[in-house]
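Student: Pasting the sequence and the predicted coordinates here, then a few questions.
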Amino acid sequence: MFYREAGQFKPTYAADSQIFPIRQDRIGIILLLAIAFIVIPGMASNYMFSAILIPFLIFSLAALGLNILTGYAGQLSLGSAAFMAVGAFASYNFMLRVDGMPILVAFILGGLCAAAVGVLFGLPSLRIRGFYLAASTLATQFFVVWALTKIGWFTNYSSSGVITAQRINILGYDFNTPASKYLLVLTIVCVMALLAKNMVRSNVGRSWMAVRDMDVAAEVIGFRLMRTKLLAFAVSSFYCGVAGALYAYAYLGTVEPEAYSLDLSFRILFMIIIGGVGTIIGSFFGAGFIVLLPIGLSLLAHNFGLPNSVTSNLELMVFGALIIFFLIVEPHGLARLWQIAKEKLRLWPFPH
Amino acid sequence: MKLLKNMLLGAVMAGTVSAAVAQQQFIPILSYRVGPYASGGSGFFGGAIDYMNLVNANGGINGVKLAWEECETEYNASRGVECYERLKSRHGGASLVEPLATGIAYGILDRVAVDKIPMTTLGYGRSDAANGKVFPYVFPLITSYWNQAAAMIAYLGSKEGGVANLKGKKIVHLYHDSAFGKEPFPVFDALAQRHGFELIKIPVAHPGNEQQSQWLQIRQARPDYVILWGWGVMNAVALTTAQRNGFPREKILGVWWAGSEEDTIAAGPAAKGYTAMTFNTPGNYPVLDQIRKQVYDAGRGNLNDRNRIGSVYHMRGVTAAILWTEAIRTAQEKFGKGKPLTGEQIRWGFENLNVNEARQKELGALGMFPPVRTSCDDHEGSGAVKVQQWDGDKWVAITPMWVTGDKALTRKLLEESSAKYAQEKNITPACLNQ
């Protein structure tokens, strides 16, 4: 009844090919952005910002990157945390060594460095596929963390290998409160999500999906595999690199290479599995789920008086059970459930 | 749906339960009781909670009782930050925080200064945080890594009959390949240069389950001593691999995160003769007996196994809790006895801490840890350690007196490093006189 597109005609090609063709969707997204930009900064506590909203946004950006690589281009990758690490340490070094470097440029340059590393470690994808590629990206994960620990130059020869991220200062305005950091991260994530959505709708995205579905056939009809796959690695690593830089600058404040461990790579992979592989909104669902679930479980268990160690182990069990559940019942994840809900809403209240 | 409703209800309730109870000092406990370091974490935090229960059983600190809430960090930096943010304003505000994890300590280092909550980092974390002018809210109490490293060389020197006799000797630094393992490099390098011994650095990749190649390297090098700077499973593996390669464990000196029952019992007979640093003299103390009687017999003991009372980590936790309560007591002397204090006031308490031997005797902990006297310049308060040896059954102290290393050198390195940090962060070093 409410979600009908009756009466919404598209007189131009531009109107026809917009991201949200249905007016209700557009209203919904504008409302969501209004809440995110205006209502939440006014209402939320510092705890909500620094422990829930900012990590949620940062992880959705990283999940977006991995979704582009694994979901759209079909290249299984277990090295996303390594690319985040490259982005973080590269941004740190640019800020440190280049006088007067604007921080947003440092983030972009950090992302580009991560993209370069991504292209380098994506070269095996030209020869191997599937789980073997996962093994080679696993090598990336270990190698990058090892290199950052070993080569003192990356951490400015700090005796403990820990870097302290510099202050975020854009055009004279200091982003040092949780609310301002949240708005900065939100802006960056919105811009990059829009970019990602447009990329996957375009020829580039279609080439990725063709490679994912059947790469031999894609090559036969003229897609250049090397270019497509390496572009997927580059774009995905760029996103992960920017996410990593934000993780260091806007969330933790000080990082050591061990913070970007294999555990984080797996978490990001779980985010896209649960959220929905191959969708943009799935990255957000998955990130929200994985960020909120431990907190929700611990609050819940606390109210039932369970000791904390039980909660942590319970969390692992719940995660595992959920992943199995999703892989069996709905392999396309929460995004597919959302899509089904919207489809049903279109017919509501009629049954068919 | 019902689960969601319960979760939301639980979240709302958790928020409202914090109606501030008067006459109470709240301490958030960022503990880790799961994961690979669970045995250490459960021992330490168990000890701290046991002592706090003892204090409460004896009427609190001038009538102010201690309250705490635990949050599981799993030794993970982002979980630790989330736990800290969640608990810091509960129940009237956090008095102090002790994460017992370098990653988490670094993650909340900048936040504690803004939130005005003192953080103690007993025996780990940033060594240069001893400079209170640059790090007013961080207290690496008793001693830090650099002073420990200096004390290690001093002890090895004393075994040779004098530090000068270390000239020409070979010392291997077998370290966990992480920020933790590389922490003592500046001190070891400086001392190697000064005293003329050869320092060979051999890293062990995390987690250190397999060290055959490293110990083969050590066998070829034939060093005089091996410093084991490890954490977690690496320690037990190092000892068993050393036994397999025929390297006498008496020549291995471990850092204090490699010197607990969890490491030696796991290594079995291979650990006999192994020495490690500690800032607690092993043995029994009146305060531990009080804990057994007033806390465990009353059914409020935190550890499941009573035999762990007096173990290395448990004693460390009791030490930490003693220092916290003494700091709160010191602050109460200045700001008002018998009323709950703010983080800023307790910070003053930490900066003017004086737990001397007379006070230790009153507490029933004489000789348990070195006398601690802090000041604005020196947030460590001691810098002294002991060396203990595993006799196959328990730890025994083999240095009757407290050992200190070259504090002048560590002070110099500390000031350079904290000056660099102050420059990076635009801090003007100054004492907070409050």
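Tutor: The structure has been received and is ready for your questions.
Student: Start and end of stretch A:39-46, how far apart?
Tutor: 14 Å (Cα to Cα, to the nearest Å).
Student: at contact distance from chain B, anything in that stretch?
Tutor: Yes: applying Cβ under 8 Å from any Cβ of the partner chain, one finds stretch A:39-46 touching chain B at A:N46. All C-beta atoms are positioned from the backbone trio N, CA, C, and that covers glycine.
Student: now swap in stretch A:78-94 and tell me
Tutor: No: Stretch A:78-94 stays clear of chain B (Cβ under 8 Å from any Cβ), getting no nearer than 11.1 Å.
Student: Report the rounded mean pLDDT for that stretch.
Tutor: The average pLDDT for stretch A:78-94 rounds to 95.
Student: CA atoms only: put that stretch into CSV for me.
Tutor: Taking C-alpha atoms only, stretch A:78-94 is exported to CSV below (Å, rounded to 0.1, in the frame of the first residue of the first chain):
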residue,chain,number,x,y,z
LEU,A,78,41.7,-13.0,3.7
GLY,A,79,44.1,-10.1,3.7
SER,A,80,41.8,-7.1,4.2
ALA,A,81,43.3,-6.2,7.6
ALA,A,82,46.7,-6.1,6.0
PHE,A,83,45.5,-3.5,3.5
MET,A,84,44.0,-1.6,6.4
ALA,A,85,47.3,-1.6,8.1
VAL,A,86,49.1,-0.4,5.0
GLY,A,87,46.6,2.5,4.7
ALA,A,88,47.0,3.4,8.4
PHE,A,89,50.8,3.4,8.4
ALA,A,90,51.1,5.1,5.0
SER,A,91,48.9,7.9,6.1
TYR,A,92,50.9,8.2,9.3
ASN,A,93,54.1,8.4,7.4
PHE,A,94,52.8,11.0,4.9
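Student: Distance from the chain centre to that stretch, please.
Tutor: 14 Å (Cα atoms, centre = their mean, to the nearest Å).
Student: How many neighbouring residues does B:E424 have?
Tutor: 14 (other Cβ atoms under 10 Å in any protein chain shown).
Student: so how far is chain A from it?
Tutor: Going from B:E424 to chain A by Cβ to the nearest Cβ, to the nearest Å gives 6 Å.
Student: One more: B:V312?
Tutor: B:V312 sits 21 Å away from chain A, taking Cβ to the nearest Cβ as the criterion.
Student: which residues sit in contact with that residue?
Tutor: Taking Cβ atoms under 8 Å, 6 or more residues apart in numbering or on different chains as the criterion, B:V312 is in contact with B:G43, B:G259, B:S260, B:E261, B:T278, B:N280, B:P282, B:W395.
Student: repeat that with 10 Å
Tutor: By Cβ atoms under 10 Å, 6 or more residues apart in numbering or on different chains, the contact list for B:V312 reads B:40, B:43-44, B:47, B:256-257, B:259-264, B:276, B:278, B:280, B:282, B:388, B:395.
Student: got it, and B:E70?
Tutor: B:E70 touches A:302, A:307-309, B:28-31, B:33, B:45, B:49, B:83, B:87, B:302, counting by Cβ under 10 Å, 6+ apart.
Student: B:N307 too?
Tutor: Residues near B:N307 by Cβ under 10 Å, 6+ apart: B:E261.
Student: Need the three-state assignment for it.
Tutor: Three-state assignment for B:N307 (DSSP: H, G, I helix; E, B strand; the rest coil): helix.
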